[in-house]
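curious how this folds, go ahead:
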Amino acid sequence: MSSGTGESAVQSVDRALTILKLLARDGELGISELAVELGVHRSTAFRLVATLESHDLVEQDSERGRYRLGVGVVRLAGATSARLDLVRESRFVTPRLAADVGETVNVAVLVGCEALYVDQTAGPSALQSHNWVGQLIPLHATSNGKVLLAHAPGELAAEVAAGPLSAFTANTITDPVRLHAALQEVRERGYAIAVDELEDGLTAVAAPVRGADGTVIASVSASGPSFRLAESGLAGVAEQVIAAAQDISARMGCYSDMSVKRRTST
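Predicted coordinates for the structure are as follows:
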């Protein structure tokens, strides 16, 4: 791409964002008004609006022919709001879990074919815990990822399993059949374990967090050095992680029998 083409693309993005700001300010505007505001020809303003309209970011009033913000903006705002709500509500629970298990606690959400860490709480044993917040991680090689993938639409699991499944350690699952079996196990027992799968010496246990409609919206995990999180004690850690996940779910509006029972007994 030449520098001129690059500058033109940046200018188009800037103008498109300006259109969104103008519509947010004025409610509705016509093409001629937008062209004047932007200082461009009507045809340029129309092309920019048409692009935004194709992504549902603006919509046209069929009777008046003027444009306003579209439902795509609401979806983007809603997604951001939901994540902020998740982080806010999880912080009532994750510090206690981190203190109880003595390890780092992370909250992750599904983003495309990866998991995104949105919050982290360090436990007392985590001397120099790696900050995972804002990082994307593979679904097949992590406990959080396997929880999210196990409860994702079937086509996503098939897409991820189709690979390639990158090997991060000798323990990483790279065989599609093994991955499908592991996901089925996650659904049956209610939690996922990853031992030395993303990094040698790192073990993690994760459980699903559900929203008001009962669907899985996130995953919460406890992770630490494998020598501290020995396999013989992972079942106990899993119980604590599951309980924390249910508490967060309840705070997000999911009142399953188990979460209600926990909330009324504490």
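
can you map out the strands along the stretch 1-150 of the chain?
Along the stretch 1-150 of the chain, counting by DSSP state E, counting those that start in this stretch, strands occupy 58-60, 67-69, 104-111, 114-121, 136-138.

out of those strands, indicate the one that is most buried.
By mean neighbour count, with neighbours taken as mean count of other CB atoms under 10 Å, strand 104-111 ranks first of these at a mean of 24. No exception for glycine: its C-beta is placed from N, CA and C like everyone else's.

just how off-centre is it within its chain?
In terms of CA atoms, centre = their mean, to the nearest Å, the centre of strand 104-111 is set 7 Å apart from its chain centre.

got the contact list for it?
83, 86-87, 90, 94-95, 97-98, 115-123, 126, 129, 132, 136-137, 139, 144-145, 148-149, 152, 206, 209, 217-224, 244, 248 (CB atoms under 8 Å, 6 or more residues apart in numbering).

can you give me the helices for this protein?
In the chain, the segments counted as helices under DSSP state H are 3-26, 31-38, 42-54, 71-90, 94-101, 143-150, 154-161, 176-189, 234-251, 257-265.

and the first one with helix 42-54, angle?
When axes from the mean of the first three to the mean of the last three CA atoms, to 10 degrees is applied, the directions of helix 3-26 and helix 42-54 differ by 70 degrees.

show me what helix 3-26 is packed against.
Contact here means 3 or more CB pairs under 8 Å, 6 or more residues apart in numbering; DSSP states H and E; on that basis helix 3-26 packs against helix 31-38, helix 42-54, strand 58-60, strand 67-69.

turn these into TSV, including mean pLDDT and distance to residue 173.
What follows is the helices and strands packed on helix 3-26, written out as TSV (pLDDT from 0 to 100; distance: least, CB to CB, whole Å):
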stretch	mean pLDDT	distance to residue 173
helix 31-38	93	51
helix 42-54	93	39
strand 58-60	89	44
strand 67-69	90	44
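
how about those, which one is nearest residue 196?
Residue 196 sits nearest to helix 42-54 of all the helices and strands packed on helix 3-26, at 45.6 Å, using CB to CB.

and the residue nearest to residue 23 when sequence neighbours are not counted, what is it in contact with?
Ranked by CB to CB, 6 or more residues apart in numbering and with sequence neighbours excluded, the top spatial neighbour of residue 23 is residue 69, at 5.0 Å. When contacts are counted by CB under 8 Å, 6+ apart, residue 69 is found next to 20, 23-24, 57-59.

thank you, goodbye.
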